[in-house]
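> 3D, please:
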Amino acid sequence: MTLPRALNLATSPLLRRAGGLAAVSLTLALALVAYLFGAADHFFSRLSGAFFVLFWLLAVTFLGVVPFVNWAALHWFGKAWAEPSPEPARRNSRSAPAVVSSPTRKPGRPAARLDSSSKRP
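Numbers count the residues shown, from 1 in each chain. As a prediction, the model looks like this:
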């Protein structure tokens, strides 16, 4: 069973991402224009200009630059570079006791000072 062409295009991952970017761009443009200029004269022309600029910047960034950097890192530097580094080995619990720090600092005791000039028997 085949989907109609319009429904097939709507389920395309690229068009879904572009639609999400368009929704975010429209929301940001609406907030920006309403905050800066209000709903006064030339509201829709300012809204359309702000939408176009924001959509263009977001689309180039998230549909062009980020996928290219991921592709370049994978193909130019190799899979070993793109994979996360292994976690450092855990220390044995017997080798160093865990130090528990309290959230409040307790006042310390003054240390007993020994006079170095006096001789101990």
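> From here on, just use CA atoms for contacts and neighbour counts.
Noted.
> SS state for Glu87?
coil (DSSP: H, G, I helix; E, B strand; the rest coil).
> Ser48 versus that one, what's the distance?
To Ser48, Glu87 is 49 Å away according to C-alpha to C-alpha, to the nearest Å.
> Ok, Ala39 next?
13 Å.
> So these two - more neighbours on which side?
More crowded of Ala39 and Ser48, by other C-alpha atoms under 10 Å: Ser48, with 15 against 12.
> what does the model give the more buried one for pLDDT?
For Ser48, the pLDDT comes out at 94.
> Return the distance of it relative to Leu21.
Look at Ser48 and Leu21: by C-alpha to C-alpha, they are 15 Å apart.
> What of Val53?
From Val53 to Leu21 the distance is 12 Å (C-alpha to C-alpha).
> quick one: which of the two has more around it?
Of the pair Val53 and Leu21, Leu21 is the one with more neighbours under other C-alpha under 10 Å, namely 20 against 13.
> and the more buried one, what is it in contact with?
Counting by C-alpha atoms under 8 Å, 6 or more residues apart in numbering, Leu21 touches 55, 58-59.
> May I see the buried residues of the helix or strand harbouring it?
Per DSSP states H and E: Leu21 is located in helix 13-37. Residues of helix 13-37 classed as buried by neighbour count (16 or more other C-alpha atoms under 10 Å): 18, 21-22, 24-26, 28-30, 32-33.
> Take these and write them to TSV, including distance to Leu63.
Formatted as TSV, the buried residues of helix 13-37 follow (distance: C-alpha to C-alpha, whole Å):
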residue	distance to Leu63
Ala18	8
Leu21	10
Ala22	12
Val24	14
Ser25	14
Leu26	17
Leu28	18
Ala29	19
Leu30	22
Leu32	23
Val33	25
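> Fine by me, we can end here.
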